[in-house]
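[1] quick one, fold the following:
(one chain, ligands or ions: 2)
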Amino acid sequence: MADLLGGKGANLSEMTNLGLPVPPGFTITTEACRAYLATGREPDGLREEVDAHLRALEEARGKRLGDAADPLLVSVRSGARFSMPGMMETVLNVGLNDASVAGLAAQAGGDERFAWDSYRRLIQMFGKTVCDVPSEEFEHALDDAKRARNTTNDLDLDAADLRALVDTYKKLFAKHTGREFPQDAREQMDLAILAVFQSWNAERAILYRRQERIPADLGTAVNVVAMVFGNLGPDSGTGVAFTRDPASGHQGIYGDYLANAQGEDVVAGIRNTIPLQELERLDKRSYDELLGIMSKLESHYLDLCDIEFTIEQGKLWMLQTRVGKRTAAAAFIIAGQLVDEGLIDLDEAVMRVNGEQLGQLMFPRFDLSGDPKPLARGVGASPGAAVGKAVFGAPRAAELARAGEQVILVRRETNPDDLAGMIAAQGILTSRGGKTSHAAVVARGMGKTCVSGADALEVDTRNGKFTVDGTVIREGDVISIDGTTGKVYVGAVPVQPSEVVRYFEGDVAGDQEGADPLVSAVHRIMSHADSLRQLRVRTNADTGQDAARARRFGAEGIGLCRTEHMFLGDRRELVERLILARTDGERQDALDALLPLQRADFVEIFEAMDGLPVTVRLIDPPLHEFLPPLEELAVSVAVARERGEDAAKAEALLAAVRRMHEQNPMLGLRGVRLGLVIPGLFAMQVRAIAEAAAECAGRGGNPLPEIMVPLVGAVQELETVRAEAERIVADAGAGAVSIGTMIEVPRAALTSGQIAEAAEFFSFGTNDLTQMAWGFSRDDVEGAFFWRYIELGIFGISPFESLDRDGVGRLVRIAADEGRAARPDLKLGVCGEHGGDPESVHFFHEVGLDYVSCSPFRVPIARLEAGRAAVETAPSAAAG
Ligand code: PEP
Ligand code: MG
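    Ligands and ions are numbered 1, 2, ... in the order given. This next block holds a predicted model:
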């Protein structure tokens, strides 16, 4: 019930049902949160329900909230459907006040230090979360208290110090809020609940959702759970653990433990933790129980789980579990391992990974052949190779990144306020915290390189530098960080391609004994995805080289060969001649000169894709795009005249550019319109295709060209081009060539039944289709104002990135259905950017297209996602 209870609430219930030791509590649903956010007030009935559940909780614990002698304390925690680590709010120790702090001490066997420590934490968290008191103020007060004691360790503060600190905190609270810290325990709880609701819309939460593509309207649940204490002395403590190594996937015991502390101390990396294994020495009984629980959780969830636990005076409590975040590599390796262990089948393994993770694995790594000496070493918290200028604050990182700089964000430890900087940076480097620190968890989630806990670094954020053994790195100095090994280098270390790319290239085998475990897992999962998928995957490529690479990556043909690059470079001169031609003869001369060049291009591509279909699109952009810009020409004309040189050619070009100028070139003389207006242009291209095919076939090859007409809006356009093309193809003796069209003008989608009469295939040009369906200029709007649209929730992600199912998707469906109704064997594909977008691939599978076509590097991603889509829609999709 994660939709209703949030991930945390659902898993707490699940663990309770499994009979695991979970402190009692209740969950307020995401529905209540949505109602609150919509109306700005507490939903009707919430108060009564909270009353009833609080009473049950009090009974279960045998304590009352607000009781001075023996207070029930609760934690109030957020927990949304999708994990958003540290993005929303939590308040612990709710229920303490000036009177019950003494009762708590008495209940803890007279431990006054513990009681005052709990109280100061409450004021700090409540102040920050509920009342926006700047948290640094509390931190500075804590630092001052430690300094007065001449220590850096909060455990050295005694009860009297903490009591004085509570006083200071209360004054800070009153100064910032204009009111005293609330002494009514129930008021504390109610305010904390509303603050958690509100934290759904905190800036950093919004930013995180945008980054992770989490819908903006889900809301968070609120978990109110009886407190158990990890700070009740040396036989208490708190920790986090994974049931497998989240980086490599290896089975074992991976976690951090901190004695005599509360949960946030571990996650924030405030004090250095000890490895979980050492708990065996400290408290064998709890340790053994924990291992038992971890194995129970793995066999229940059939996956790597991460957990948070607390030991209160020798008694173990489970505070949280969830299917753990993991690196992309670990996702593949773990899925393979779970298959080997018989826990899941290969279909399920395909579902346990995704195209985005595969994309991450295709990033390059450092080339260490020059044997660079690392400056320091930390924990390899999130893999990858990142090079950039060191920066020491999130705003600065974001600013430099906006200016096009590559940066590495260096912090002592990160906190949720650093999120914008983490997104902007190539990588993140911290001097504190382990694999479970905030920096590590968030970076892994984003697929960003991170080295954490490089404790040789003395990070001085205030002065913008860090020091290691006398070496000083200042803001702007380039460093390289390796998120796999944890090594930090001065300067830029060269990078090399990923092992997974080498596998796709065929340089390393995936199916042999002793293969790299990642490569072997990728191989198994990809092979299975290929066996499942119904969509074919082609590539968008317009050179032989790209075509050959895409083919190695698994492309089953070319879905879009754009011919415009064939008019650039040293061929511009011919295009200029074409445009400036004053007679039919001059124009034909220019076309005749272009013909052999184009033919050679096609031969190269047909050879690279021999035996596989190659869809060649006739020229699409407006011709004036091939001429120099107006301003440039105007200047050269002026300069030539000034110098008394012959300006005739430049003047002619300038005049042509002026004549051909369009207010809306995207809606102007382009695509099929060019072919109909400029005599001989399409004919030359069709002839080049047909002759190239004949040439390849004559050499024993098997070229399978398809001719595609862009920007068609009416069947008459296509019929005119088709009639001429058929004549030329027959004349060239190239055998059958299928002729089809792009569907990228809404009118084409809406009249697809007619258009199918003249087309053997449709390829959806979803870039233009999105542009014209929304009326969004595809070159302008994303940078100009989409941030605002995303902020307003008009869409969660740019429709140019991921297909808008409701609008553009509807046009695709209409065209597919009506096109197939008119011509049952009509072949359907997509060649817009969406062809390589995981979400969109699932949509195209659902619509029943024959293939998607995408850039070479996205081909493996599309293959995997097409396999996943097939599992998802299989009739027996009971997996998971
Ligand atoms: C499209 O419009 O989706 C398409 C593939 O064509 P282009 O991007 O070249 O306009
Ligand atoms: Mg287009």
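
[2] buried sites along whichever strand or helix holds residue 730?
    Counting by DSSP states H and E, the element that carries residue 730 is helix 715-732. By neighbour count on 16 or more other Cβ atoms under 10 Å, the buried set for helix 715-732 is 715, 717-718, 720-722, 725, 728-729, 732. C-beta: built from backbone N, CA, C; applies to glycine.

[3] same check, this time on stretch 280-298
    So stretch 280-298, judged by 16+ other Cβ under 10 Å, has buried residues 283, 286-287, 289-291, 293-294, 296-298.

[4] now swap in stretch 672-686 and tell me
    Quick answer for stretch 672-686 (16+ other Cβ under 10 Å): 672-676, 678, 680-686.

[5] thinking again about what came up before, so whatever helix or strand comes next after the helix holding residue 730, near ligand 2 or not?
    Sequence order places strand 738-743 as the next helix or strand after helix 715-732, per DSSP H and E. No. Residues of strand 738-743 contacting ligand 2 under Cβ under 5 Å from the ion: none, with a closest distance of 6.4 Å.

[6] tell me which residue of the stretch 201-350 of the chain lies closest to ligand 2.
    residue 213 (25.0 Å; Cβ to the ion).

[7] that residue against residue 798, yeah?
    No. In this structure residue 213 lies outside contact range of residue 798 using Cβ atoms under 8 Å: 10.8 Å.

[8] out of the buried residues of stretch 280-298, who's near ligand 2?
    Okay, of the buried residues of stretch 280-298, nothing touches ligand 2 (Cβ under 5 Å from the ion).

[9] in helices only, show me those residues.
    286-287, 289-291, 293-294, 296-298 (DSSP state H).

[10] still on that earlier bit, which of the buried residues of stretch 280-298 sits closest to residue 32?
    residue 297 (28.1 Å; Cβ to Cβ).

[11] can you tell me the closest non-neighbouring residue to that closest one?
    Leaving aside its sequence neighbours, residue 297 sits nearest to residue 305 (Cβ to Cβ, 6 or more residues apart in numbering; 4.6 Å).

[12] who are the contact partners of that neighbour?
    For residue 305, the contacting residues are 242-243, 294, 297-298, 321-324, by Cβ atoms under 8 Å, 6 or more residues apart in numbering.

[13] make TSV from those and add pLDDT to it.
    Output for the contacts of residue 305, formatted as TSV (pLDDT from 0 to 100):
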residue	pLDDT
242	91
243	90
294	94
297	93
298	89
321	93
322	90
323	88
324	83
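
[14] in a markdown table: those residues, plus distance to residue 545.
    A markdown table is the format used below for those (distance: Cβ to Cβ, whole Å):
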| residue | distance to residue 545 |
| --- | --- |
| 242 | 43 |
| 243 | 45 |
| 294 | 50 |
| 297 | 49 |
| 298 | 46 |
| 321 | 49 |
| 322 | 45 |
| 323 | 41 |
| 324 | 41 |
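
[15] tally of neighbours for residue 278?
    As a burial measure, residue 278 scores 12 neighbours (other Cβ atoms under 10 Å).

[16] show the contacting residues for it.
    By Cβ under 8 Å, 6+ apart, the residues touching residue 278 are residue 257.

[17] does it count as helix, strand or coil?
    Look at residue 278: counting by DSSP: H, G, I helix; E, B strand; the rest coil, its state is helix.

[18] against residue 256, how distant is it?
    10 Å (Cβ to Cβ, to the nearest Å).

[19] residues contacting residue 671?
    620, 709-712, 742 are the contacts of residue 671 under Cβ under 8 Å, 6+ apart.

[20] let me see the residues that make contact with stretch 553-560.
    Outside stretch 553-560, the residues touching it (Cβ under 8 Å, 6+ apart) are 504-505, 526, 530, 536-541, 547, 550, 605, 609, 612-617, 704, 708, 763, 829-831, 835, 851-854, 856-857, 859-860, 863.

[21] can you flag which of the residues you listed belong to helices?
    Judged by DSSP H, helices contain the following of the contacts of stretch 553-560: 504-505, 526, 530, 547, 550, 605, 859-860, 863.

[22] now those: which count as buried?
    504, 526, 547, 550, 605, 859-860, 863.

[23] which SS class is the residue in the chain sticking out farthest from the centre?
    Relative to the centre of the chain, the most outlying C-alpha is that of residue 644, 58.3 Å out, by Cα atoms, centre = their mean. Look at residue 644: counting by three-state DSSP, its state is coil.

[24] cool, residue 455 as well?
    Residue 455 ends up coil, using three-state DSSP.

[25] quick check, pLDDT for it.
    Looking at residue 455, its pLDDT is 88.

[26] dump the residue contacts of the closest residue to ligand 2 within the stretch 301-450 of the chain.
    Closest to ligand 2 within the stretch 301-450 of the chain is residue 355: 23.4 Å, counting by Cβ to the ion. Counting by Cβ under 8 Å, 6+ apart, residue 355 touches 838, 841, 861-862, 864-865, 868.
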